[in-house]
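A.B. asks: With the input below, show me the fold.
(2 chains)
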2 protein chains.
Amino acid sequence: MSTSPAIVAVDWGTSSFRLWMMSRDGTVLAEHRSHEGMSEVADRGFGPVLESHLLALAAPATLPVVICGMAGSRQGWVEAGYIDTPADVTTIGERATIVPGTGRRIIIIPGLAVRSESEPDVMRGEETQLLGAHLEMPGGERYCMPGTHSKWVNMNGASVNRFETFMTGELFSVLSAKTILVHSTGGEGKVDANDPAFLTGVRDGWARPEKITQQLFSIRAGQLLYNHANDENRARLSGLLIGTEFAGAGVRGDEQIGLVASGALQRLYHAALLACGVNVRDIDADVAVRRGLMESWQRYSNTSGDLKHE
Amino acid sequence: MSTSPAIVAVDWGTSSFRLWMMSRDGTVLAEHRSHEGMSEVADRGFGPVLESHLLALAAPATLPVVICGMAGSRQGWVEAGYIDTPADVTTIGERATIVPGTGRRIIIIPGLAVRSESEPDVMRGEETQLLGAHLEMPGGERYCMPGTHSKWVNMNGASVNRFETFMTGELFSVLSAKTILVHSTGGEGKVDANDPAFLTGVRDGWARPEKITQQLFSIRAGQLLYNHANDENRARLSGLLIGTEFAGAGVRGDEQIGLVASGALQRLYHAALLACGVNVRDIDADVAVRRGLMESWQRYSNTSGDLKHE
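C.D. replies: Reported below is the predicted structural model:
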């Protein structure tokens, strides 16, 4: 049974495309990863790009496709709307939007929105990860989902009470490549989670977030006056921005936080949270999004009366 | 006497070139402004660019030229070094560097440096404005010098005790043009100092600087959920960054601050400081830099034994 495909699950972001063919019990039968994110495929069209992957996998026309991420945004394939907080994350599948006219059953999961005039916020893709994380770690109350736009989520059971987005990843990219800091932080080396410059940056950003725009320039000054190396500066920049995110999210040293991440970001945030005394519980972001997509499909097909696939 | 040229004063920044031919009493006899900043002239060479302006003015070969700004940086014309804080700002002319081999008497004013391993900082060009501001407003203890890299300076008499740089202007440029915020803040309209979105942004950034990287994304969310207009979003972005600068500089509501600025930036910072209850004293940045350049030349020629020019 575990080798029979049940769904094709797709996490379709701004800059990345990830597809898994999965059996009912979540076994991954095939995986595709590419840079065919929303901004890449706008010209070619979402349908043809998806179909080329499905053809390569010889996916039967009856196999349902469940998509989360920016493909459901206004600039995406079909707008999938938002569910307002507080939102029961287990219901996102029921509210999925059907992609019409493809000859396949394709649904896109909606995002979540904090509809507040003073503190509006949105997520798209992370709600599906969050559903998976909630199933992986029931009872978790606070989740950190690092990325280009890091999300911090407060939950009560399955209910998302509120969340906040921090532009940490995008700030790191643009500051290190498009500002005066390019002279001090340019280079190819990855930031090492154990680099003292990274961890000092985290603690400085966390302790004195009000200094962030000054601390940024200070990296440049440190290079001019002390010849600080680019690798060290890049690590400090990353740490400062992550520490500022922690301050904004109100991280305290004694709490438990579920870290939904993978790869290099998981290592950086794990080390950063530990450096602030947090009790970190790791949840692999890939595992979480796959589980969220599978759960969403089951919820969708249960409530829509759609035929189940074994 | 006031129509006889005494010096050519040049403020040569990264992206701008400003030149004044002045008489001994500070009367401006001619003014040139262009975009021939350091990054523009790197290929053509500083000497030829300056000489073309001097030729256009029919400046006598004996007329001294006094330069401040990035022309004195390592990537500039001739490196003019830094004076470490605490520094007597009236002495910057004595420490000027001579540009050799031009057939003219050309000097470049040094920058100032905070040589501290933990909080290094540098300025180049603002030290000359600061000298002028000090002469315009003796007894001022705290100066705000807004710009691409805003400087905040604490003085005791003529002594610069410390200063800090905030990347406010550059952050505004890069965030509004090179990040997801381009969709929400793009446009040509100038931010209006009386726009409520600007002033609310200032107060929010000042009151909760730790939220800055979240507030940035919230601008995008506000556009998606409430269709907030780009002009309003751009005003809020500007306000948030300036308010965060104020928080980092430790602005209190009851203090007096000398604002060294001109044009649109002067209007924005003046309104922003007033919104925080600060007692603002305005000093025109152009007046300040010209006065600083003239004073520097006099100090240089007095101490170097150089011939004075009437």
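A.B. asks: Put the alpha carbons of the least confident helix or strand in chain A by mean pLDDT into PDB.
C.D. replies: When the helices and strands of chain A are scored by mean pLDDT, DSSP states H and E, helix A:38-41 comes last with a mean of 90. Below are the C-alpha coordinates for helix A:38-41, written out as PDB (Å, rounded to 0.1, in the frame of the first residue of the first chain):
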ATOM      1  CA  MET A  38       6.300  32.100  -8.700                       C
ATOM      2  CA  SER A  39       8.500  34.800 -10.000                       C
ATOM      3  CA  GLU A  40      10.300  32.400 -12.400                       C
ATOM      4  CA  VAL A  41       7.200  30.800 -13.900                       C
END
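A.B. asks: ok, which stretches of chain A are helices?
C.D. replies: With helices called from DSSP state H, chain A shows them at A:38-41, A:46-56, A:126-136, A:168-178, A:182-185, A:196-207, A:212-226, A:230-248, A:263-275, A:285-304.
A.B. asks: Dump those into TSV; add distance to B:Ala261 and mean neighbour count as well.
C.D. replies: From N, CA and C alone the C-beta is placed, and that goes for glycine too. Converted to TSV, these look like this (distance: least, Cβ to Cβ, whole Å; neighbours: other Cβ atoms under 10 Å in any protein chain shown):
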stretch	distance to B:Ala261	mean neighbour count
helix A:38-41	38	18
helix A:46-56	49	16
helix A:126-136	42	27
helix A:168-178	25	20
helix A:182-185	26	20
helix A:196-207	29	21
helix A:212-226	18	23
helix A:230-248	27	26
helix A:263-275	38	19
helix A:285-304	46	22
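A.B. asks: hmm, back to that, return the distance of the least confident helix or strand of chain A from the chain's centre.
C.D. replies: Helix A:38-41 sits 17 Å away from the centroid of its parent chain (Cα atoms, centre = their mean, to the nearest Å).
A.B. asks: what's that helix in contact with?
C.D. replies: Helix A:38-41 is contacted from outside by A:Trp12, A:Gly13, A:Thr14, A:Ser15, A:Phe17, A:Val49, A:Gly69, A:Met70, A:Ala71, A:Ser73, A:Gln75, A:Gly76, using Cβ atoms under 8 Å, 6 or more residues apart in numbering or on different chains.
A.B. asks: Distance of the nearest residue to the fifth one once chain neighbours are set aside relative to chain B?
C.D. replies: The reference is to A:Phe17. Ranked by Cβ to Cβ, 6 or more residues apart in numbering or on different chains and with sequence neighbours excluded, the top spatial neighbour of A:Phe17 is A:Glu36, at 4.1 Å. Distance of A:Glu36 to chain B, computed by Cβ to the nearest Cβ, to the nearest Å: 19 Å.
A.B. asks: And A:Thr3, by the same measure?
C.D. replies: 41 Å.
A.B. asks: surely that residue meets A:Asp25?
C.D. replies: No: between A:Thr3 and A:Asp25 there is no contact under Cβ atoms under 8 Å: 10.2 Å.
A.B. asks: which residues touch the residue nearest to A:Phe17?
C.D. replies: A:Ser16, A:Phe17, A:Val49.
A.B. asks: Using pLDDT, spot the least trustworthy of those.
C.D. replies: Model confidence across these bottoms out at A:Ser16, which has 92.
A.B. asks: what about the closest residue to that one other than its chain neighbours, neighbour count?
C.D. replies: Spatial nearest neighbour of A:Ser16, excluding adjacent residues (Cβ to Cβ, 6+ apart): A:Gly37 at 5.0 Å. By the criterion of other Cβ atoms under 10 Å in any protein chain shown, A:Gly37 has 18 neighbours.
A.B. asks: distance of the residue in chain A sticking out farthest from the centre from chain B?
C.D. replies: Residue farthest from the centre of chain A, counting by Cα atoms, centre = their mean, is A:Leu225 at 38.1 Å. Going from A:Leu225 to chain B by Cβ to the nearest Cβ gives 5 Å.
A.B. asks: A:Ile180 too?
C.D. replies: 6 Å.
A.B. asks: Retrieve the pLDDT associated with the closest residue to that residue other than its chain neighbours.
C.D. replies: Excluding the flanking residues, the one nearest A:Ile180 by Cβ to Cβ, 6+ apart is A:Arg220, at 5.6 Å. Predicted confidence (pLDDT) for A:Arg220: 96.
A.B. asks: what's the burial count for the closest residue to chain B within the stretch 1-150 of chain A?
C.D. replies: Nearest residue of the stretch 1-150 of chain A to chain B (Cβ to the nearest Cβ) works out as A:Pro120 at 4.1 Å. Neighbours of A:Pro120 under the rule other Cβ under 10 Å: 21.
A.B. asks: so what's the closest residue in space to it that isn't next to it in sequence up against?
C.D. replies: Residue nearest to A:Pro120 in three dimensions, not counting chain neighbours: B:Ala221, with 4.1 Å by Cβ to Cβ, 6+ apart. Taking Cβ under 8 Å, 6+ apart as the criterion, B:Ala221 is in contact with A:Ala113, A:Val114, A:Pro120, A:Asp121, A:Val122, A:Thr165.
A.B. asks: how far away is B:Ala221 from B:Pro138?
C.D. replies: Computed as Cβ to Cβ, to the nearest Å, the B:Ala221 to B:Pro138 distance reads 48 Å.
A.B. asks: ok, now A:Ile242?
C.D. replies: Distance from A:Ile242 to B:Pro138, counting by Cβ to Cβ: 44 Å.
A.B. asks: Repeat that for A:Gly132.
C.D. replies: Taking Cβ to Cβ, one finds A:Gly132 at 66 Å from B:Pro138.
A.B. asks: got it, and A:Ile98?
C.D. replies: Distance from A:Ile98 to B:Pro138, by Cβ to Cβ: 74 Å.
A.B. asks: Between the two, point out the one with more neighbours.
C.D. replies: Neighbours per residue, other Cβ under 10 Å: of A:Ile98 and B:Pro138, the larger number sits with A:Ile98, 15 against 9.
A.B. asks: per-residue confidence for A:Gln75?
C.D. replies: 89.
A.B. asks: Name the residues of the stretch 51-200 of chain A found near chain B, please.
C.D. replies: A:74, A:82, A:113-115, A:117, A:119-122, A:149, A:164-168, A:170-171, A:174-175, A:178-180 (Cβ under 8 Å from any Cβ of the partner chain).
A.B. asks: Run a quick neighbour tally on A:Ser118.
C.D. replies: A:Ser118, neighbours per other Cβ under 10 Å, totals 8.
A.B. asks: Do you know the pLDDT at it?
C.D. replies: For A:Ser118, the model assigns a pLDDT of 89.
A.B. asks: just A:Ser2 next, same as before
C.D. replies: Per-residue confidence for A:Ser2 comes out at a pLDDT of 63.
A.B. asks: any low-confidence regions in chain A?
C.D. replies: Residues of chain A that meet the criterion pLDDT under 70 lie in A:1-2, A:305-310.
A.B. asks: again, only using 90
C.D. replies: A:1-3, A:14-15, A:39-40, A:42-43, A:75, A:118, A:138-140, A:186-189, A:253, A:303-310 (pLDDT under 90).
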